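Trainee: Show me the folded form of this:
(chains A and B)
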There are 2 protein chains.
Amino acid sequence: MASTKVVVVGAGPVGSLAALYAAQRGYDVEIYELRNDLRDPSTVPLNFTKSINLALSVRGITAMQEAEPNTPEGERKLLDHVLAATIPMRGRMIHGRKAGGDLYEEAQDYDIHGRTIFAADRGALNKRILDVLEGMPNVHFFFNHKLTGADFRRRKAWFEVKNGTDDGRPKEVEVSFDLMLGADGAHSAVRYHMMKYTRMDYEQTYIDTLWCEFQIQPKEHSDAKDPMSQFRISPNHLHIWPGKEFMFIAIPSEDGTFTCTLFAPGEKYAYLEANPSNVPDFFDKYFPGVTGLIPPQELIASFEQNPHLPLISIKCKPHHYSSSVVLLGDAAHAMVPFYGQGMNTGLEDVRTLFTFLDKHADGDRAKALEEYTAYRVPDAHTINDLALQNYVEMRAGVLSPAYRLRKFLEEGLSKYLPALGWQTKYSRVSFSNERYSEVIARSEYQEES
Amino acid sequence: MASTKVVVVGAGPVGSLAALYAAQRGYDVEIYELRNDLRDPSTVPLNFTKSINLALSVRGITAMQEAEPNTPEGERKLLDHVLAATIPMRGRMIHGRKAGGDLYEEAQDYDIHGRTIFAADRGALNKRILDVLEGMPNVHFFFNHKLTGADFRRRKAWFEVKNGTDDGRPKEVEVSFDLMLGADGAHSAVRYHMMKYTRMDYEQTYIDTLWCEFQIQPKEHSDAKDPMSQFRISPNHLHIWPGKEFMFIAIPSEDGTFTCTLFAPGEKYAYLEANPSNVPDFFDKYFPGVTGLIPPQELIASFEQNPHLPLISIKCKPHHYSSSVVLLGDAAHAMVPFYGQGMNTGLEDVRTLFTFLDKHADGDRAKALEEYTAYRVPDAHTINDLALQNYVEMRAGVLSPAYRLRKFLEEGLSKYLPALGWQTKYSRVSFSNERYSEVIARSEYQEES
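Mentor: Residues are numbered from 1 along each chain as shown, chains lettered A, B, ... in the order given. Sure thing, here's the model as predicted:
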């Protein structure tokens, strides 16, 4: 009997991890990626439209850990390498200005038990998974391949190969498969073709918020013996300058920089685009202290040079069709970035999918995919909603006395009443592998009780 | 100055009417249609996935009337011809069985003033508009043309022509345009390509209901002098057999037949598909009297031969991009058929769009399309929601004493208190051109008062 052939579309972190899971199980794996290999120095970074830094938490870590089952800590090719390059973040640091005019910052730990999330570099993580795959004999890469069509009954797909012919015109290739994994992002071509085969409920919403990246540079003179001394603000926090309509955040990188993001309504962006010289004043008014970390001319330059990008939220159901295709990551559930769970959810998709594929490994793959959709869709919808809700909390709630009192009581209850299983919603989302839908069911119960 | 070139994609009733409006204004009009000309006898009917009969009401009538402005009644090429071929329906006829076992039917007039809606043949209406267009020098048809791509900045589109080359392979043609009107249905290719240019909020939902068509044949022996005598049940009603989970409806045709539709959950369809011989018993149980109108063997044959089709509900926003493209009809707002407003809304889209295009005829078309979206989207969303709500009412509510009391009171108030502008929601939707969103705002006010 021929081996099962798994075609993965998309070589981002989610697609690459899915390829690794499939390869570990002995499947024949082919990965098709629209762009060039991101390890090739000539490649335009994948993260042109993706945040450079991301918050890795337990779900993403568990998914990577289980990609190399039974491998002890210290010998894992993937997770050990990835974790070594991260920076732990123990909480939020809220920045503001006191009534008298002085700046203040207030640390809010994520977890009373001291557990942290980790700032990671998306590109480095992605490259590491590709490197691990490179060494596997049953994995083959096809970069610069664009999916142009798929027949999910006959299990055939068509790709256009960039510069595939001598005269520079694209060439089309036909590819057969047993199972296609669509990890090709929010604007997924796999999903588009799948919608012709299944009656998919689908919803996409753009929130009225654009984002743009900035950078805080390291200190020029720091203590060489203490690499932490190069950071201008605490490296162990996710920094937030909340505003009613705006928000500015900063996430640390290993090299001492912070990658920062300005979130603001389209109208405010239009106002600043009309006259970028207003950017520093805008920052001084709403994000006190930032012009002390990023010089005004740099703020203006970043605002002018970096793209101003939209935020999309996507829900769909089912995530699969028959026994031939399943969607993973943003292709299934792009979410706004305000819970730091987007990639964690995508990596967890992979782990979850393979528990169902393993369960039915000798049997009915259609049944495995059907069970996966039934199990995963409520969780994907839940974290999608939570991410939107957290936007509201991050912008305003983190400053309110009521929020802080509730947080204090919840954290206290979590510490002193562990026998009751009392934990904050944030802890359950970020520090456990509990189903998102169960986190919410339990959290609603706690709020009512 | 060259004339404005309008490319209409989709030659259904909505696309054809849009072409007529554009042609009346002197624009150069080209109509591209995926299928063959439906007036060609070899063409597979357009209505393979569309209901044959539809309920034409004031909005659709007004839109056709204004396609030939200033043309007196009796001389209109389009509306006079269309109306002559319709059958007025003055209300619903509810069918059921009394507690004692006897059949009963109860007429519920739509309107206390005696206004009616009209049963019309979709194909005949569509052909009539095409015939009117055929005679216009500034209109050109391109059948068997499939939209494969569009650049809405450069205003170019690409179509694949079926059997376009001698060897039978498709040929691709490039078409330039000033304005594209996308009237290519629920699975619109125009919308798909437009979504690459604008940040569109989009939602599609399949309700858990399938539909299948049946027919009630005319009486074999009827009075030749009285064409109405050939109908087996009242020709002037929309007949409903309500059920909690199911519904069967019948709409009259000029030839004495009724086109009937079974609506039921997918699970019930699966049960009947597994053993179609159960169909007559199912009808006897839930739709009393139908087996007296359609012989059991015919019921089974229709169930086996006619497609079992899904129902999709679509909302999107915006309906346009820049000055180059706008969506009309199902492409913008496919709805479930339970308010009988789907095509009426589509035809009203055309009338509404051209009021904005006319307003800005010498100016900024982007502004016209922007105003159209702002004006039309709330109305499209409203009728979409109403159609879903009416499903619930038609299945169950029409039988409930509370519904009948409320209807009686509303109708009474509408008749006796016209000075207060009191009208039922149904009347405002079906017998006026009032904006859907205003119908609802007023109706909510009435319910509260």
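
Trainee: quick check: domain ranges of chain A?
Mentor: Here the domain parsing of chain A from the TED database is A:5-85+A:121-200+A:318-390, A:88-119+A:206-310, A:401-448.

Trainee: And those domains, which one averages the lowest pLDDT?
Mentor: Of all the domains of chain A, the minimum mean pLDDT falls on domain A:401-448 (a mean of 68).

Trainee: Would you tell me which residues of chain A are close to chain B?
Mentor: A:192, A:199, A:200, A:201, A:202, A:203, A:204, A:205, A:206, A:310, A:312 (C-beta under 8 Å from any C-beta of the partner chain). Using the backbone N, CA and C atoms, a C-beta is placed for each residue, glycine as well.

Trainee: Could you tell me which of those are located in strands?
Mentor: A:201, A:202, A:203, A:204, A:205, A:206, A:310, A:312 (DSSP state E).

Trainee: Where neighbours are concerned, which of these has the most?
Mentor: Within those, most neighbours by other C-beta atoms under 10 Å in any protein chain shown means residue A:204, with 20 neighbours.

Trainee: ok, the closest residue in space to residue A:231 that isn't next to it in sequence to chain B distance?
Mentor: Residue nearest to residue A:231 in three dimensions, not counting chain neighbours: residue A:256, with 5.7 Å by C-beta to C-beta, 6 or more residues apart in numbering or on different chains. Separation of residue A:256 from chain B (C-beta to the nearest C-beta, to the nearest Å) stands at 36 Å.

Trainee: Over to residue A:4?
Mentor: Distance from residue A:4 to chain B, counting by C-beta to the nearest C-beta: 29 Å.

Trainee: what's the neighbour count on residue A:426?
Mentor: Residue A:426 has 21 nearby residues by other C-beta under 10 Å.

Trainee: ok so, going back, format the domains of chain A as a markdown table; extra columns: distance to residue B:159.
Mentor: What follows is the domains of chain A, written out as a markdown table (distance: least, C-beta to C-beta, whole Å):
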| stretch | distance to residue B:159 |
| --- | --- |
| domain A:5-85+A:121-200+A:318-390 | 17 |
| domain A:88-119+A:206-310 | 29 |
| domain A:401-448 | 45 |
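
Trainee: returning to that earlier point: ok, the residue nearest to residue A:231 - contacts?
Mentor: A:217, A:218, A:219, A:222, A:227, A:230, A:231 (C-beta atoms under 8 Å, 6 or more residues apart in numbering or on different chains).

Trainee: Burial check on the fifth one, number of neighbours?
Mentor: Think residue A:227. Look at residue A:227: counted by other C-beta under 10 Å, it has 14 neighbours.

Trainee: same deal with the first one?
Mentor: Other residues lying near residue A:217 total 15 when counted by other C-beta under 10 Å.

Trainee: Please look at it and residue A:255 and confirm they touch.
Mentor: No: using C-beta atoms under 8 Å, residue A:217 makes no contact with residue A:255, being 9.7 Å away.

Trainee: Most widely separated two among the residues of chain A next to chain B?
Mentor: A:199 and A:310 (27.8 Å; C-beta to C-beta).

Trainee: Could you measure from the residue nearest to residue A:114 when sequence neighbours are not counted over to chain B?
Mentor: Closest residue to residue A:114 apart from its sequence neighbours, by C-beta to C-beta, 6+ apart: residue A:90 at 6.9 Å. Noted for residue A:90: a distance of 36 Å to chain B, by C-beta to the nearest C-beta.

Trainee: Phi and psi next, for residue A:90.
Mentor: Dihedral pair for residue A:90: phi -90, psi -10, per degrees, to the nearest 10.

Trainee: Provide a list of residues in contact with it.
Mentor: Going by C-beta under 8 Å, 6+ apart, the list of residues near residue A:90 reads A:109, A:110, A:111, A:114, A:116, A:236, A:237.
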